[in-house]
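# Everything below, folded, please.
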Amino acid sequence: MADIRKPEYGSTLDRFLLEAQRAFPDAKGEFTQLFQQLALAGKIIASRVNQAGLAGLLGHTGKVNVQGETVQKLDEFANDTLIRALEGGGQVCLMASEENDDPIPIPTRYPKGKYVLMFDPLDGSTNIDVNISIGTIFSVHKRVSEDGEPGLADCLQPGRMQLAAGYIIYGSSCMFVFTTGHGVHGFTLDPTVGEFFLSHPDIKMPERGKIYSVNEGNEAVWDDDVRSWVDWLKTPDKAQGRPYSSRYIGTLVADFHRTLMKGGVFAYPADKKNKNGKLRLLYEAAPMAFLAAQAGGLASTGKQPVLDVTPTELHQRVPLFIGSKLDVEDAIARLAR
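Below you'll find the predicted structure:
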């Protein structure tokens, strides 16, 4: 195992990446450059999010994406920004976005790297116009095909094959939170100098929390076992630390970020309307599951670990129960009754 030095509070993102790269003598810097380009895209998106009401970027475009969702103007801007930031650097051989029907090839005029990048350009876009936290989610895999052009098979890898995952949250401050398989670290953007600084080194999720996060507006279409579990969380029991408090923002990045920092459990279960769940495996569930695991938490579909799910479709959906280890274990146990 590579000897990764303990990160120093206040380090810039570039310094952190270069220090990590030194632990791999054969590294050529492509991975570092990929993260630098992601950070650049995040800064550009953060700037436009902050100016959206003044720059005519609120509201929708009138288009509908592959998910059947109305495309917001900032959705489109964020998607275009990420593609343009990453396509020409020579680190990525293929990309896939929640907003695009098919994998996104690298134009022939650019060199191709060995990494596959998948992303949700702007999670929580329905919250854009009401000034609630939104975010960008990403996942990085290594190409598995050996010959020819990269293709769908390079995208359809189980979560345990991820090399890195993370998100950029655009809220009261802009934070870049990620893992490369060596813990979870959070960097806060200082807009006065345009740089991300390490503010949350080696984040650990509490083993148990006091908050549950689920859209209870869907209760009418929940299965009985899900309804029973949520009722159990709300039932007072001092010995077991219940009842839990309810918090639900409606942006996966924001709800997960709170869960990462404070503990508890977030859930978007399958229901009678969404029998396979609603959250996308490759762009949402798998990257968050990798982060949770690296922070000491768990992520499950209710039947198996999210990281063990082998995708069969680019836009595959799954149920998600994610958060503190003991809270997710409780959910799995009660769902199995």
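# Output the lowest mean pLDDT helix or strand found in the chain.
Least confident helix or strand of the chain, by mean pLDDT, DSSP states H and E, is strand 60-64 with a mean of 69.
# Please identify the buried residues of it?
For strand 60-64, the neighbour count (16 or more other Cβ atoms under 10 Å) marks His60 as buried. All C-beta atoms are positioned from the backbone trio N, CA, C, and that covers glycine.
# Now find how far off-centre the following helix or strand past it is within its chain.
Sequence-wise, the next helix or strand downstream of strand 60-64 (DSSP states H and E) is strand 70-72. Distance of strand 70-72 from the chain centroid (Cα atoms, centre = their mean, to the nearest Å) equals 19 Å.
# partner strands of strand 70-72, parallel or antiparallel?
In the sheet, strand 70-72 lines up against strand 60-64 (antiparallel) (DSSP bridges).
# Contacts for the strand it pairs with next, please.
70-73, 75-76 (Cβ atoms under 8 Å, 6 or more residues apart in numbering).
# roughly how far apart are the residue nearest in space to the middle of the chain and Ala286?
In the chain, the centroid-proximal residue (Cα atoms, centre = their mean) is Ile137; its distance is 3.7 Å. With the distance defined as Cβ to Cβ, to the nearest Å, Ile137 ends up 10 Å from Ala286.
# any shared contact partners between those two?
Common neighbours of Ile137 and Ala286 (criterion: Cβ under 8 Å, 6+ apart): Ala165.
# mind giving me the domain split of the protein?
The chain breaks down into these domains under automatic domain parsing: 13-200, 211-335.
# For the longest one, measure first residue to last.
End-to-end span of domain 13-200 (Cα to Cα, to the nearest Å): 12 Å.
# now it: how far from the chain's centre is it?
10 Å.
# Next: stretch 298-313.
Chain-centre distance of stretch 298-313: 15 Å, with Cα atoms, centre = their mean.
# measure that stretch end to end?
Across stretch 298-313, the terminal residues are separated by 24 Å (Cα to Cα).
# Give me the mean pLDDT for that stretch.
On average, the pLDDT along stretch 298-313 is 98.
# For that stretch, list every residue counted as buried.
298-302, 305-307, 309, 311.
# Please produce a markdown table containing these, extended by distance to Ile128 and secondary structure.
Formatted as a markdown table, these follow (distance: Cβ to Cβ, whole Å; DSSP: H, G, I helix; E, B strand; the rest coil):
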| residue | distance to Ile128 | secondary structure |
| --- | --- | --- |
| Leu298 | 30 | strand |
| Ala299 | 26 | strand |
| Ser300 | 30 | strand |
| Thr301 | 28 | coil |
| Gly302 | 30 | coil |
| Pro305 | 32 | strand |
| Val306 | 27 | helix |
| Leu307 | 30 | helix |
| Val309 | 29 | coil |
| Pro311 | 28 | coil |
